[in-house]
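J.: Using only what follows, build the 3D model:
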Amino acid sequence: MRIVISVQKSAASAAYRKKKKSGVDSNVANRLYGFTSIGFQGLKKKSRITNKMNKIVQEVQNKYSFLNNLLTKLWRSWFKSNITFKLHLRNVRWKNDKATPDCAYQPTKIEQLANIITHGIWIIPAIVCANKLFERSKTSSQYLVCWVYGGALTMLFIISTFFHCSSFCTNHNGIRNILHRCDRAMIYIFIAGSYFPWLQLQNPRHLSLLVCMEWMIWVMAAIGIMYQQLFHERFKCLETCFYVIMGLGPAIAVLSTGHQFHGMTELKFGGFLYIVGVYFFKSDGIIPMAHAIWHLFVVFAATCHYYAILTYLYPLENTTPNI
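T.: Prediction:
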């Protein structure tokens, strides 16, 4: 009896152990399966992230390669254009030979462009400056000065620009010759027009010398224009001497009397710029773009004189000019 009971217990314990072992194995298997499935999911997720990263890297590489190609093309094109530009600069003709005594100087293409630009860009500012004088005018004399001086200043730049445009754009010698004569005539008119504000508005005591000079300056301009029309492009040195005499003669005569205008510093400095510019005016064929440089001296000198006229002859209200 005892033997049977012990055998049954051993069989039951064995069965229990077997069942327990099978349960443990199933749990382990379940856990292993769970870990494995989680691992596979992680690997899949990681592979998706890796694929996305690869795509992003590929896109960046494509964009970078595009940008790199673009920059390379730009660099090569700039380098080629720079070399081409330098070669063009070497081949540019900056000046022609000096003209003979009885012929006009023939500027190169780049000189013609420089001549057009250096006076053409000042047409609108000259109109604005003349309008500024009109705004400050209060008396009939001031309005008269506005018309004379402002008109001479504006027409100087307009006629000069038209003449140089005709030289650059057309081969019609008749039009070019007419505009050339007008351009030279405007120099005399502008010199007289530059004197006019001071002789008209700075003579409160009506000094006989200043009154005489006011008429004389226009007579000199008329004589200069007649001479220039009769002997166009002949006796060029004598023509230049007329410009200098007309520009300096009245000033020396007025200063010799001891009369002091307001703004003498600006007047002297502007006159100095005109005199220095004459050297370039006579250097065509010697200095590249000499005529364009002369234009710049005219602009700077005219600016000095205009500043003096605006400040001392057309002062704002509640201001008095200083001598």
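J.: got any ranges where the stretch 101-250 of the chain has weak pLDDT?
T.: The model of the stretch 101-250 of the chain has pLDDT under 70 over residues 102, 170-172, 203-207.
J.: can you rerun that using 50?
T.: Within the stretch 101-250 of the chain, no range satisfies pLDDT under 50.
J.: Tell me where it has helices.
T.: 109-120, 123-136, 140-145, 151-169, 173-201, 208-230, 236-256 (DSSP state H, counting those that start in this stretch).
J.: Adding mean neighbour count and distance to Cys304, write the ones you listed out as JSON lines.
T.: The way it works is simple: take the backbone N, C-alpha and C, and place the C-beta from them, glycine included. Below are these laid out as JSON lines (neighbours: other Cβ atoms under 10 Å; distance: least, Cβ to Cβ, whole Å):
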{"stretch": "helix 109-120", "mean neighbour count": "19", "distance to Cys304": "17"}
{"stretch": "helix 123-136", "mean neighbour count": "15", "distance to Cys304": "13"}
{"stretch": "helix 140-145", "mean neighbour count": "15", "distance to Cys304": "17"}
{"stretch": "helix 151-169", "mean neighbour count": "20", "distance to Cys304": "13"}
{"stretch": "helix 173-201", "mean neighbour count": "20", "distance to Cys304": "11"}
{"stretch": "helix 208-230", "mean neighbour count": "16", "distance to Cys304": "19"}
{"stretch": "helix 236-256", "mean neighbour count": "15", "distance to Cys304": "14"}
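J.: Between these, which one is closest to Met264.
T.: When the helices of the stretch 101-250 of the chain are compared by Cβ to Cβ, helix 236-256 sits nearest Met264, at 8.6 Å.
J.: Quick check: mean pLDDT of the helix or strand following that closest one?
T.: As assigned by DSSP states H and E, the chain's next helix or strand after helix 236-256 is helix 264-281. Per-region confidence: helix 264-281 scores 89 on mean pLDDT.
J.: quick one: buried residues of helix 264-281?
T.: Using 16 or more other Cβ atoms under 10 Å as the test for burial, helix 264-281 gives 266-267, 270-271, 273-274, 277, 280-281.
J.: could you dump the helices of the stretch 101-250 of the chain to a markdown table with distance to Ile293?
T.: Formatted as a markdown table, these follow (distance: least, Cβ to Cβ, whole Å):
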| stretch | distance to Ile293 |
| --- | --- |
| helix 109-120 | 8 |
| helix 123-136 | 19 |
| helix 140-145 | 30 |
| helix 151-169 | 14 |
| helix 173-201 | 16 |
| helix 208-230 | 22 |
| helix 236-256 | 16 |
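J.: List just the one of those that sits closest to His295.
T.: Of the helices of the stretch 101-250 of the chain, nearest to His295 by Cβ to Cβ is helix 109-120, at 3.9 Å.
J.: so what secondary structure elements neighbour that closest one?
T.: helix 151-169, helix 290-308 (3 or more Cβ pairs under 8 Å, 6 or more residues apart in numbering; DSSP states H and E).
J.: can you put those in JSON lines and add distance to His119?
T.: Listed next are the helices and strands packed on helix 109-120 as JSON lines, based on distance: least, Cβ to Cβ, whole Å:
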{"stretch": "helix 151-169", "distance to His119": "4"}
{"stretch": "helix 290-308", "distance to His119": "5"}
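J.: who wins for proximity to Leu201 among those?
T.: Comparing the helices and strands packed on helix 109-120 by Cβ to Cβ, helix 290-308 comes nearest, at 11.7 Å.
J.: And the average pLDDT for that closest one is what?
T.: 93.
J.: circling back: for the helices of the stretch 101-250 of the chain, which one sits closest to His291?
T.: helix 109-120 (5.5 Å).
J.: The closest one to helix 173-201, inter-axis angle?
T.: With axes from the mean of the first three to the mean of the last three Cα atoms, to 10 degrees applied, the angle from helix 109-120 to helix 173-201 works out at 30 degrees.
J.: Check the buried residues of helix 264-281 against Thr311 and report the nearest one.
T.: Glu266 (8.0 Å).
J.: Can you verify my assumption that that closest one contacts Tyr307?
T.: Yes - the pair Glu266 / Tyr307 is scored as a contact, 6.0 Å apart, by Cβ atoms under 8 Å.
J.: Between the helices of the stretch 101-250 of the chain, which one is closest to Ala302.
T.: Nearest to Ala302, of all the helices of the stretch 101-250 of the chain, is helix 151-169, at 6.5 Å by Cβ to Cβ.
J.: I'd like to check the angle between the closest one and helix 173-201, please.
T.: Using the same axes, to 10 degrees: helix 151-169 against helix 173-201 is 160 degrees.
J.: Using CSV, write out every CA atom in helix 151-169.
T.: The C-alpha coordinates for helix 151-169 follow below in CSV (Å, rounded to 0.1, in the frame of the first residue of the first chain):
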residue,chain,number,x,y,z
GLY,A,151,18.9,129.8,-68.9
ALA,A,152,22.6,130.1,-69.8
LEU,A,153,23.5,127.3,-67.3
THR,A,154,20.8,124.9,-68.6
MET,A,155,21.4,125.6,-72.3
LEU,A,156,25.2,125.1,-71.8
PHE,A,157,24.6,121.5,-70.8
ILE,A,158,21.8,120.9,-73.3
ILE,A,159,23.7,122.2,-76.4
SER,A,160,26.9,120.5,-75.3
THR,A,161,25.1,117.2,-74.9
PHE,A,162,23.3,117.5,-78.2
PHE,A,163,26.5,118.3,-80.1
HIS,A,164,28.3,115.3,-78.6
CYS,A,165,25.3,113.0,-79.3
SER,A,166,25.3,114.2,-82.9
SER,A,167,29.0,113.3,-83.2
PHE,A,168,28.4,109.9,-81.7
CYS,A,169,25.1,108.9,-83.3
